[in-house]
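Visitor: No letters, just coordinates:
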């Protein structure tokens, strides 16, 4: 309890442009190595960069969404360092004058809201990729990714725990996907994180020496890497040793961070304005045009779902966690005309169970919104019971067709004919005289036994409400 953690995150979001930051080469993922690197990307002599207007548009869109300052004039700089996957020997980035500055994001942790400051968000190009696994004793270089546009989002050192860091990272991930500026695919490296971690004695205004954990690409690993780093630093200080400012890598197999290199300062990169690129000037008209394209954002959508559909905070949060999920829900409500709370339950619980089991996104669901609406229509008009609806959803997920087709094929239509239900009840009572006597003697728990027997006799097709109603009358002495 004597220690305080200070964390700042640098998030790299790969922008969803069709071409690269400063060239016309494709950004499509998965191509054969070195087939999407043009003369500009591989730095052939005389090849000049031209910035991608769409990348600037996406950066402004993000800045407006976090209430940030949009700098009308920003400058590209050269960040100089030498590495095999950086063909120019420098990376085009923004340093002193970024396109976005001074924004914020509100996160919720353990029911408490906290505002996290965002220092800046600047445009830069990605490096290539070093491949170590497939080359015994050598390293392969794939330059397809070189020049891909990134938005680097730098937080203030406002985070105080691994849990807060993950909450902030998830909120940022949700936002860039909602805005349509990044696909958020962490496995492909489209959204990755560098975590700057330090510790200090509680009450000490001076920041401790920080270590930077590079390129962590999952929420779980970010949390584990930060927790390990906090422990490592506290152990070092308490044993009388010094923290070294350095860059570290997280080893998920061993759950440790390992030293990679000493941490560079800005001066080590010898930043200077790129002489081949003029300043990036953003006009008021451009900003207004971008502002008009911003969709309803997650927090506003969650609040609207609670007000318009009567949902609790948790369900509204689940259903607005992804824009595609929110759209699915609203389409299902419109087409089914069912109670919005019932629709929420079927999507947030039943359908999400299948999505999680099969590791699918809502856009990949074999049960589309119109299909889910069809199921809920049949549940609402008492064609099927809740139990049969679950069987129906399973069949629809397996590809057997829409609700009406499966009901017809499997003969799942609910029995609502009162005469047929009463006949089944009479037969069950006649077969179980001992249980009837015990029930009438006061053993009321046997009511469930009779319900079960009637449902079994009708193969689960009897309307449960009618079964309960008729049974109460017939079991009474």
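Guide: Sure, I can see it. Given the structure is predicted, the values throughout are model-derived calculations rather than measurements.

Visitor: how far does stretch 450-470 sit from the chain's center?
Guide: Centroid separation for stretch 450-470 versus its chain: 42 Å, with C-alpha atoms, centre = their mean, to the nearest Å.

Visitor: Give the buried residues for it.
Guide: 450-451, 453-455, 457-458, 460-463, 466-467, 470 (16 or more other C-beta atoms under 10 Å). Using the backbone N, CA and C atoms, a C-beta is placed for each residue, glycine as well.

Visitor: what's the average pLDDT for stretch 206-221?
Guide: For stretch 206-221, the mean pLDDT works out to 90.

Visitor: on that earlier part again, which one of the buried residues of stretch 450-470 is nearest to residue 352?
Guide: residue 460 (24.1 Å; C-beta to C-beta).

Visitor: re the thing from before, include pLDDT, distance to residue 4 and secondary structure when you put the buried residues of stretch 450-470 into TSV, please.
Guide: Formatted as TSV, those follow (pLDDT from 0 to 100; distance: C-beta to C-beta, whole Å; DSSP: H, G, I helix; E, B strand; the rest coil):
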residue	pLDDT	distance to residue 4	secondary structure
450	80	63	helix
451	77	58	helix
453	84	63	helix
454	76	63	helix
455	77	59	helix
457	77	66	helix
458	76	64	coil
460	73	58	coil
461	72	62	coil
462	74	63	strand
463	71	61	coil
466	74	63	helix
467	73	61	helix
470	75	66	helix
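
Visitor: Include distance to residue 341 when you put those residues into TSV, please.
Guide: Output for these, formatted as TSV (distance: C-beta to C-beta, whole Å):
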residue	distance to residue 341
450	30
451	25
453	32
454	28
455	25
457	32
458	28
460	24
461	26
462	25
463	21
466	23
467	24
470	28
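
Visitor: Return the closest of those with respect to residue 131.
Guide: Out of the buried residues of stretch 450-470, the member with the shortest distance to residue 131 (by C-beta to C-beta) is residue 460, at 55.6 Å.

Visitor: give the contact list for the closest one.
Guide: 385, 387, 388 (C-beta atoms under 8 Å, 6 or more residues apart in numbering).

Visitor: Mind checking which of those land in helices?
Guide: Counting by DSSP state H, these place 387, 388 in helices.

Visitor: Dump the contacts of residue 460 into a markdown table; add distance to residue 359 as well.
Guide: Converted to a markdown table, the contacts of residue 460 look like this (distance: C-beta to C-beta, whole Å):
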| residue | distance to residue 359 |
| --- | --- |
| 385 | 30 |
| 387 | 27 |
| 388 | 27 |
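
Visitor: For the contacts of residue 460, pick the one with the most neighbours.
Guide: When neighbours are counted by other C-beta atoms under 10 Å, residue 385 leads the contacts of residue 460 with 24 neighbours.

Visitor: where does the stretch 151-300 of the chain have low pLDDT?
Guide: Along the stretch 151-300 of the chain, segments meeting pLDDT under 70 span 263-267.

Visitor: And the helices in it?
Guide: Using DSSP state H, counting those that start in this stretch, the helices found in the stretch 151-300 of the chain span residues 162-179, 219-238, 284-291, 298-309.

Visitor: Out of these, which one sits most buried?
Guide: Comparing the helices of the stretch 151-300 of the chain by mean neighbour count (mean count of other C-beta atoms under 10 Å), helix 162-179 comes out on top with a mean of 21.

Visitor: what ranges do the helices span in the stretch 351-477 of the chain?
Guide: With DSSP H, counting those that start in this stretch as the criterion, the stretch 351-477 of the chain has helices at 352-357, 369-380, 386-397, 403-410, 418-431, 433-440, 446-457, 464-475.

Visitor: Throw those into CSV and include distance to residue 251, thanks.
Guide: Shown next, in CSV, are those (distance: least, C-beta to C-beta, whole Å):
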stretch, distance to residue 251
helix 352-357, 28
helix 369-380, 42
helix 386-397, 38
helix 403-410, 49
helix 418-431, 63
helix 433-440, 63
helix 446-457, 54
helix 464-475, 54
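
Visitor: Name the stretch among the ones you listed that sits most buried.
Guide: Greatest average neighbour count among the helices of the stretch 351-477 of the chain goes to helix 369-380 (a mean of 21), per mean count of other C-beta under 10 Å.

Visitor: now it and helix 386-397, what's the angle there?
Guide: Counting by axes from the mean of the first three to the mean of the last three C-alpha atoms, to 10 degrees, helix 369-380 lies at 160 degrees to helix 386-397.

Visitor: helices or strands up against helix 369-380?
Guide: helix 323-336, helix 340-345, helix 386-397, helix 403-410 (3 or more C-beta pairs under 8 Å, 6 or more residues apart in numbering; DSSP states H and E).

Visitor: now it against helix 403-410, angle please.
Guide: Using the same axes, to 10 degrees: helix 369-380 against helix 403-410 is 60 degrees.

Visitor: now helix 369-380: how far from the chain's centre is it?
Guide: With C-alpha atoms, centre = their mean, you get 27 Å for helix 369-380.

Visitor: Mean confidence (pLDDT) on it, please.
Guide: On average, helix 369-380 scores 95.

Visitor: could I get the helices of the stretch 151-300 of the chain as a markdown table with distance to residue 101?
Guide: Output for the helices of the stretch 151-300 of the chain, formatted as a markdown table (distance: least, C-beta to C-beta, whole Å):
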| stretch | distance to residue 101 |
| --- | --- |
| helix 162-179 | 16 |
| helix 219-238 | 25 |
| helix 284-291 | 14 |
| helix 298-309 | 22 |
